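A.B. asks: Could you work out the structure for the sequence below:
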Amino acid sequence: MAACGRAGRQVSEITLVAVSKTVPATRIREAIEAGVRTLGENRVQEAAAKISELGAIAAAYKIQWHLIGRLQSNKARRAVEIFDAVHSVESLKLAERLDNIAGESGKRLPVFIEVNLGGEESKAGVAPDGVLPLCEQISKFSNLELKGLMTVPPFFDNPEDARPFFQRLRRIRDRAWQAGAAGEQFKDLSMGMSNDFEVAIEEGATFIRVGTALFGARR
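C.D. replies: Prediction:
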């Protein structure tokens, strides 16, 4: 991957999350057979149907299913049941619910805190100044593994315009780490999509969420 070369990074440092929202199970199966190993879904109900339909091949290829869309509290139990990670934790209330359900299920759930760097009302996420306190609180939960931070910056035609947002998320993560607000596993940055993932990789992304570039435009 060219972006890894420019940044002096190894491709193995990056996890590709193939965003399969609205993509039918038949095409997801093809993607799995082509080498995709981590799939990202936005809606719990839609994902549950696909996970059920693709159960055999997903198990054979050890597929990881990640929730990357906004999670409502009333869908939390089902989310814990079917997903291997949640990228969109935006409040202490949601984190507490996930922790309680994961504990009941005997599961340790990897999570990311979603950060709203653009201050956009249409997007979820905690404000930047709320990240450190939320890190400290989530780190106390025994059934959640706080992996890092996630963001969806404003869309720009020029990917370079997204760079400051990726840089800022990296700085916030570094400050939280230096402040001891999270454990040793707190290192990941889930950022970058089809239009700007190369810039995100250059700025330290460890998870990139790519849909359109893999599956084509949404219908």
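A.B. asks: after the helix or strand bottoming out on mean pLDDT in the chain, next one along is what?
C.D. replies: Lowest on mean pLDDT, DSSP states H and E among the helices and strands of the chain sits helix 2-7, with a mean of 76. Sequence order places strand 15-19 as the next helix or strand after helix 2-7, per DSSP states H and E.
A.B. asks: I'd like the C-alpha coordinates of that next one written as PDB, please.
C.D. replies: Taking C-alpha atoms only, strand 15-19 is exported to PDB below (Å, rounded to 0.1, in the frame of the first residue of the first chain):
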ATOM      1  CA  THR A  15      -6.700  -3.400   9.700                       C
ATOM      2  CA  LEU A  16      -9.000  -3.000   6.700                       C
ATOM      3  CA  VAL A  17     -12.600  -2.900   7.900                       C
ATOM      4  CA  ALA A  18     -14.700  -3.600   4.800                       C
ATOM      5  CA  VAL A  19     -17.800  -1.500   5.300                       C
END
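A.B. asks: Now do the buried residues in the least confident helix or strand of the chain.
C.D. replies: By neighbour count on 16 or more other Cβ atoms under 10 Å, the buried set for helix 2-7 is 3, 4, 7. C-beta: built from backbone N, CA, C; applies to glycine.
A.B. asks: now the helices for this protein?
C.D. replies: Along the chain, counting by DSSP state H, helices occupy 2-7, 25-34, 44-53, 55-60, 76-82, 92-105, 131-138, 163-178, 197-202, 212-215.
A.B. asks: Let's have these in a markdown table, adding distance to residue 124.
C.D. replies: Output for the helices of the chain, formatted as a markdown table (distance: least, Cβ to Cβ, whole Å):
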| stretch | distance to residue 124 |
| --- | --- |
| helix 2-7 | 26 |
| helix 25-34 | 24 |
| helix 44-53 | 15 |
| helix 55-60 | 27 |
| helix 76-82 | 14 |
| helix 92-105 | 10 |
| helix 131-138 | 13 |
| helix 163-178 | 15 |
| helix 197-202 | 19 |
| helix 212-215 | 20 |
